[in-house]
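> my questions are about this predicted structure, shown below with the sequence.
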Amino acid sequence: GAGVSQTPSNKVTEKGKYVELRCDPISGHTALYWYRQSLGQGPEFLIYFQGTGAADDSGLPNDRFFAVRPEGSVSTLKIQRTERGDSAVYLCASSLTGLDGDTQYFGPGTRLTVL
Amino acid sequence: QKEVEQNSGPLSVPEGAIASLNCTYSDRGSQSFFWYRQYSGKSPELIMSIYSNGDKEDGRFTAQLNKASQYVSLLIRDSQPSDSATYLCAVNGESGTYKYIFGTGTRLKVLA
């Protein structure tokens, strides 16, 4: 079946602009996660959704970052007033239940470059 | 601060040899452990998961877990050039938590 998909695959924007990154999880997966991966680092947790609600947004670096999942499927990560330090690969993952030990499956990522 | 530590490498092994990748974690309550493979420019791909002390084998891969020492490893037997990638160790927290904490990854190079 189809895996996790993310669009766009690449996004180049200018400092101060607003961007939206989209994630379409595996069908039937109730849990959705956003991670950020900088060069040479492992993915860093940003936010976790269980259904439509953000169960844990403790990884969001500041209030410029916001994510939604209005119908419990597709999620959008929104970044306002982008900064050069926001440049990274943004990875989305989904899992069936979100419970302990549940395997997370990753999408191909969106590479964000802020000039 | 919960941490997952890996040697960044590169770890170079000849084709056909055993590659041994190691990971230590700080949260003694961690219950679930995962190894992901990540090719350059690609997303992480699950290789193995392990939840109990001991060894778990899947084809050429063996994951080893020692909770007392807070140590998890991945062995790759008969290494192939196609195994060359970065291997990420991920740990989730105490029972009921979903967040993965990733190490920085170990870059493996299998020399033909």
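Arrived safely.

> hmm, who's touching whichever strand or helix holds residue A:91?
Remark: residue A:91 resides in strand A:88-95, with elements defined by DSSP states H and E. For strand A:88-95, the external contacting residues (C-beta atoms under 8 Å, 6 or more residues apart in numbering or on different chains) are A:4, A:6, A:21, A:23, A:25-26, A:29, A:31-39, A:43, A:46, A:75, A:77, A:102-107, A:109-112, B:43-44, B:98. For every residue, glycine as well, the C-beta is placed using N, CA and C.

> how far away is residue A:94 from chain B?
With distances defined as C-beta to the nearest C-beta, to the nearest Å, the gap from residue A:94 to chain B amounts to 11 Å.

> ok, residues contacting the next helix or strand after the strand holding residue A:91?
Past strand A:88-95, further along toward the C-terminus, the next helix or strand under DSSP H and E is strand A:105-106. When contacts are defined by C-beta under 8 Å, 6+ apart, strand A:105-106 is touched by residues A:3-4, A:26, A:29, A:35, A:43, A:91-95, B:36, B:43-46.

> just the CA coordinates for the helix or strand just after strand A:105-106, please, in CSV.
Stepping forward along the backbone from strand A:105-106, the first helix or strand reached (DSSP H and E) is strand A:110-114. This file holds the C-alpha atoms of strand A:110-114, laid out as CSV (Å, rounded to 0.1, in the frame of the first residue of the first chain):
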residue,chain,number,x,y,z
THR,A,110,10.5,18.2,2.8
ARG,A,111,13.8,20.0,2.5
LEU,A,112,13.3,23.6,3.6
THR,A,113,15.8,26.2,2.7
VAL,A,114,15.5,29.7,4.1
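
> tell me what strand A:110-114 is packed against?
When contacts are defined as 3 or more C-beta pairs under 8 Å, 6 or more residues apart in numbering or on different chains; DSSP states H and E, strand A:110-114 sits against strand A:10-13, strand A:19-24, strand A:88-95.

> up against chain A, what does chain B have?
By the rule C-beta under 8 Å from any C-beta of the partner chain, the part of chain B lying against chain A is B:4, B:8, B:31-32, B:34, B:36, B:42-46, B:49, B:51, B:88, B:90, B:92, B:95-105.

> which ones among those are found in strands?
Judged by DSSP state E, the subset of the residues of chain B next to chain A located in strands is B:4, B:32, B:34, B:36, B:45-46, B:49, B:88, B:90, B:92, B:100-102.

> list buried residues within those residues.
Buried subset of these (neighbour count, 16 or more other C-beta atoms under 10 Å in any protein chain shown): B:4, B:32, B:34, B:36, B:49, B:88, B:90, B:92, B:100, B:101, B:102.

> circling back: buried ones among the contacts of strand A:88-95?
Burial by neighbour count, 16+ other C-beta under 10 Å: within the contacts of strand A:88-95 this picks out A:4, A:6, A:21, A:23, A:25-26, A:29, A:31-37, A:43, A:46, A:75, A:77, A:102, A:104-107, A:109-112, B:43-44, B:98.

> who in chain A is up against chain B?
So far as C-beta under 8 Å from any C-beta goes, chain A lies against chain B at A:31, A:33, A:35, A:40-45, A:48, A:55-56, A:59, A:91, A:95, A:98-109.

> now residue A:10. Nearest residue, chain neighbours left out?
Excluding its sequence neighbours, the residue lying closest to residue A:10 (C-beta to C-beta, 6 or more residues apart in numbering or on different chains) is residue A:111, at 4.9 Å.

> what's the next secondary structure element after the least confident helix or strand in chain A by mean pLDDT?
The least trusted helix or strand in chain A, going by mean pLDDT, DSSP states H and E, turns out to be strand A:53-56, with a mean of 88. Following the chain from strand A:53-56 toward its C-terminal end, the next helix or strand by DSSP H and E is strand A:65-68.
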